[in-house]
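> No sequence on hand, only this structure:
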Ligand SMILES: COc1cccc(N2C=Cc3cc(S(N)(=O)=O)sc3S2(=O)=O)c1
Ligand SMILES: [Zn+2]
């Protein structure tokens with residue numbers, strides 16, 4: 001396998017040939033089975049509130065990127081009760097309190113925290129417009145768009161209910177260093193905001209200056 005990808009010759013079935021951690025016990029993505037998961041609440045106060053979530057300490061924003069597929073039915077990486085969404089937004093952070101660099105953090109079991117937000121096709125999303133308007137400039141895999149003062153929290157849905165689990169990067173190097181926070185409520189994107197990338201399933205990264 002020359003370089004990992006999503007084709008027959010270099011797709012997920014082959015990744016373990018170069019990244020043996022693919023056979024690990026906390027590989028992502030997973031299919032979230034809601035009937036088996038409790039949304040965590042801190043019930044030590046008189047009304048249930050989510051406090052701090054699963055993270056101890058603060059995780060520094062590293063990058064935001066999307067995953068999508070060649071159809072609206074199978075673009076997300078995680079699934080909920082077997083159902084996939086049109087796309088999935090990942091907001092990648094690293095534990096800058098405990099580790100001195102992102103690459104070092106990426107090798108630690110509590111080094112990374114990625115918030116995943118599902119995208120469904122519906123009304124146009126004015127917040128997402130800041131990114132989708134720029135997708136035309138990064139149609140080719142590997143190209144990057146630089147944004148200044150981009151606050152990813154503007155992309156979040158109303159409810160911050162989430163599922164969380166200890167997992168991995170979903171693409172090579174597949175490091176088992178990610179605390180996943182998967183939001184239950186999807187955000188919407190309209191078809192005009194979807195750029196048909198020349199290579200489906202390409203992951204584009206948006207990096208702030
Ligand atoms: C040592 O080089 C490293 C170390 C750690 C991460 C990466 N990266 C490559 C894959 C990858 C996968 C991500 S996902 N889809 O699970 O959110 S985030 C991410 S990355 O940070 O760009 C490169
Ligand atoms: Zn991702």
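Yep, that arrived. Not measured: the values here are computed from a predicted model. Ligands and ions are numbered 1, 2, ... in the order given.

> In the chain, what residue comes closest to ligand 1?
Proximity to ligand 1, evaluated over the chain using C-beta to the nearest ligand atom, is greatest for residue 106 at 3.3 Å. (Each C-beta comes from the backbone N, C-alpha and C, glycine too.)

> Spell out the residue ranges of the helices in the protein.
12-18, 102-105, 126-132 (DSSP state H).

> For those, give me TSV that also has mean pLDDT and mean neighbour count.
As requested, the helices of the chain are exported to TSV (pLDDT from 0 to 100; neighbours: other C-beta atoms under 10 Å):
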stretch	mean pLDDT	mean neighbour count
helix 12-18	95	15
helix 102-105	92	16
helix 126-132	78	16
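
> which parts of the chain sit against ligand 1?
Counting by C-beta under 6 Å from any ligand atom, the chain comes close to ligand 1 at 90, 92, 103, 106, 114, 169, 170, 171, 173, 175, 178.

> Columns distance to residue 140 on top of these, output as a markdown table?
Converted to a markdown table, the residues of the chain next to ligand 1 look like this (distance: C-beta to C-beta, whole Å):
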| residue | distance to residue 140 |
| --- | --- |
| 90 | 20 |
| 92 | 21 |
| 103 | 25 |
| 106 | 25 |
| 114 | 24 |
| 169 | 22 |
| 170 | 21 |
| 171 | 18 |
| 173 | 23 |
| 175 | 26 |
| 178 | 27 |
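
> can you redo the helices of the chain as a markdown table with distance to residue 78?
Below are those laid out as a markdown table (distance: least, C-beta to C-beta, whole Å):
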| stretch | distance to residue 78 |
| --- | --- |
| helix 12-18 | 14 |
| helix 102-105 | 22 |
| helix 126-132 | 19 |
